[in-house]
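Chemist: Need coordinates for the following:
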Amino acid sequence: MQHSVLDRIYLAFLLILIVSFVFIIFFISFFTRKSLISEKQTTLTNEATLIASQTIIDYKSGNISASDLASYFDYYSETLQSDIWYVDEHGRFIATSGYFDDLTKVDIETATIDKSTIAILKKLPSSIYSLDKDFDIKKKNAKVSDFHGVYNTNVISVNAPIYINNYDPKTDTNTRFFLGSIIIHSSTEDINKALRNIYSISFIPCLVIIIIAFALIQIISHKVLRPIKKLAEVAQDYSKGDFDVKTEISSDDEIGQLADSMEYMASELSKLEEYRHEFISNISHDFRSPLTSIKGYVTAIQDGTIPPEKQDRYLNIVLDETNRLTKLTQGLLDLNRLEIYGPYLNLTDFDFIDIIRTTLNTFEIKCIDRNIAIYLNNHAEVTVVTADKTKIQQVVYNLIDNAIKFTPGGKNIYITIVEKGEKLQVSVRDEGIGMSEETQKKIWTRFYKDDTSRGKDKAGTGLGLAITKEIIKAHNETIDVSSTEGEGSEFVFTLKKASEDATHSGETQILVNASN
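Modeler: Sure thing, here's the model as predicted:
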């Protein structure tokens with residue numbers, strides 16, 4: 001069964017809460033138990049010292065018997081809810097609560113001790129060392145255990161050694177005598193009961209927190225997951241080709257940004273059909289026009305409409321149209337190869353200025369005919385770059401050809417070269433008719449020719465700028481355009497400088513001038 005995102009959030013959040021509460025309760029229980037045991041051990045040690053001061057000295061003085069001592073222990077045992085043992089300095093059991101002085105176990109059914117809180121006693125041996133041969137009765141110690149199997153469950157056991165100081169005024173000395181040890185065993189049931197109370201008290205707040213948390217998740221889900229679900233539904237509509245559906249999400253958060261991006265994507269995708277029709281129309285027109293001319297002239301030559309003395313002229317026209325078709329086909333192949341596989345780059349170090357000069361020489365006659373001047377402003381000391389010389393020459397040719405094509409007579413074109421760190425920045429700016437913002441977005445598209453606003457040149461294939469961008473992109477460089485209608489356009493691209501040094505002056509030169 002498929003689970004929604006909300007289901008997964010619920011399960012994950014529930015698991016996190018349960019693990020967190022279990023850890024917290026375990027942490028609190030562990031340290032609470034440790035603290036309570038430590039506190040009880042201190043209390044039992046103090047009680048053992050008090051019992052020793054009130055009973056053991058009298059027993060050692062002969063004022064009370066072992067039986068009386070056991071009776072006292074029974075009294076204290078009932079009060080403290082604990083078992084009390086006394087062993088002498090040799091580790092022998094002298095008296096215990098619940099025992100006669102002959103160490104015969106009292107009948108548990110008739111004993112005065114609280115049987116609900118004290119573990120069932122077993123018959124004790126004559127010496128503490130029979131239970132633990134390494135037991136140190138002269139040292140204070142405390143532990144939680146079944147005390148070597150004497151008890152069925154763990155008890156808190158403390159050992160309190162008894163010392164008495166005897167002062168001799170004749171020798172002015174103080175002698176310390178060891179009188180044995182009081183051992184008290186107390187049940188941990190009261191501590192366990194306290195922990196159970198903590199568990200029961202903690203359960204209700206934890207349950208309330210879980211309920212509140214899930215209520216908050218439900219609220220959050222309406223604010224977060226519902227828009228996500230809406231985005232998923234809209235995405236399905238987009239996948240079916242319905243790009244008019246809106247997300248209807250207007251928040252300022254990441255989901256709102258995603259919704260805006262999806263709507264922008266849908267807007268762009270909706271233009272694909274228009275672009276497809278425009279592409280087919282452009283390529284059909286660019287192929288049909290020369291083919292129509294070729295067919296017309298060849299037919300006219302065959303049927304004799306064109307006399308033999310004029311056939312050479314029209315054959316040259318046919319040849320020009322054929323070259324145009326060849327150029328168009330080659331451009332398509334080159335662009336397709338660039339977009340799919342990327343160009344094969346033959347990287348070499350060369351002087352970029354030489355590329356500029358060679359390319360501008362090819363446009364000299366055209367610039368003179370159209371009364372256009374081209375200026376080179378070189379502000380770079382190093383103009384040697386690392387790139388594919390042939391392809392960069394194609395880039396320069398396409399940009400200059402584009403600038404001349406849309407620059408009116410009497411205007412100028414400026415080529416500016418500057419250094420930007422490890423890059424060489426090249427700008428080709430014209431004083432032509434400029435472009436709108438919408439046109440600037442489309443000029444990199446194959447076959448795009450803004451004939452309605454940018455001129456009447458029909459000879460171009462509409463592939464030059466698309467190829468130019470792919471070549472620059474293949475060099476891991478950038479190319480951008482900025483333009484203002486009626487003022488002109490500027491194309492700027494970058495190239496990586498070579499490691500070799502080549503210096504050129506930064507003076508302005510007129511390379512092609514219509515006045516020549």
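Chemist: Which residues are in contact with the spatially closest residue to Ile210 that is not a sequence neighbour?
Modeler: Beyond its immediate neighbours in the sequence, the residue positioned closest to Ile210 (Cβ to Cβ, 6 or more residues apart in numbering) is Leu17, lying 5.5 Å away. Where you see a C-beta, it was placed from the backbone N, CA and C, and this is true even at glycine. Taking Cβ atoms under 8 Å, 6 or more residues apart in numbering as the contact definition, Leu17 lies against 209-210, 213.
Chemist: Tell me which of these fall in strands.
Modeler: Judged by DSSP state E, the contacts of Leu17 include no members of strands.
Chemist: I'd like these as TSV, with distance to Gln81, pLDDT and neighbour count appended.
Modeler: What follows is the contacts of Leu17, written out as TSV (distance: Cβ to Cβ, whole Å; pLDDT from 0 to 100; neighbours: other Cβ atoms under 10 Å):
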residue	distance to Gln81	pLDDT	neighbour count
Ile209	37	80	13
Ile210	38	77	15
Ala213	42	78	14
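Chemist: Please identify which of those is nearest to Phe243.
Modeler: When these are compared for distance to Phe243 (Cβ to Cβ), Ala213 wins out at 40.4 Å.
Chemist: Helices of this structure, start to end?
Modeler: 5-51, 57-61, 66-80, 128-131, 189-239, 254-270, 272-302, 308-340, 352-362, 364-370, 389-405, 437-442, 451-454, 464-474 (DSSP state H).
Chemist: Show me what the longest one is packed against.
Modeler: Looking back up the chat, that one is helix 189-239. Other helices and strands packing on helix 189-239, by 3 or more Cβ pairs under 8 Å, 6 or more residues apart in numbering; DSSP states H and E, are helix 5-51, helix 254-270.
Chemist: Tell me which of the ones you listed lies nearest to Asn159.
Modeler: Relative to Asn159, the nearest member of those by Cβ to Cβ is helix 5-51, separated by 8.1 Å.
Chemist: ok now the closest one, how far from the chain's centre?
Modeler: Helix 5-51 has its average C-alpha position 35 Å from the chain's average C-alpha position, going by Cα atoms, centre = their mean, to the nearest Å.
Chemist: any idea of the angle it forms with helix 189-239?
Modeler: The directions of helix 5-51 and helix 189-239 differ by 170 degrees, with axes from the mean of the first three to the mean of the last three Cα atoms, to 10 degrees as the criterion.
Chemist: okay, now Ile413: neighbour count?
Modeler: Counted with other Cβ atoms under 10 Å, the neighbours of Ile413 add up to 25.
Chemist: Help me confirm that it comes into contact with Phe406.
Modeler: No - taking Cβ atoms under 8 Å as the definition, Ile413 is not a contact partner of Phe406, at 10.3 Å.
Chemist: which residues are common contacts for these two?
Modeler: Taking Cβ under 8 Å, 6+ apart as the contact rule, the neighbours common to Ile413 and Phe406 are Asp430.
Chemist: What is the nearest of the contacts of Leu17 to Val22?
Modeler: Within the contacts of Leu17, the smallest distance to Val22 is 12.5 Å, found for Ile210 (Cβ to Cβ).
Chemist: Quickly note the distance from that closest one to Gln218.
Modeler: To Gln218, Ile210 is 13 Å away according to Cβ to Cβ, to the nearest Å.
Chemist: mind checking how far the residue positioned nearest the centre of the chain is from Tyr264?
Modeler: With distances taken as Cα atoms, centre = their mean, Glu254 lies nearest the centre of the chain, 14.9 Å away. Taken as Cβ to Cβ, the spacing of Glu254 relative to Tyr264 amounts to 15 Å.
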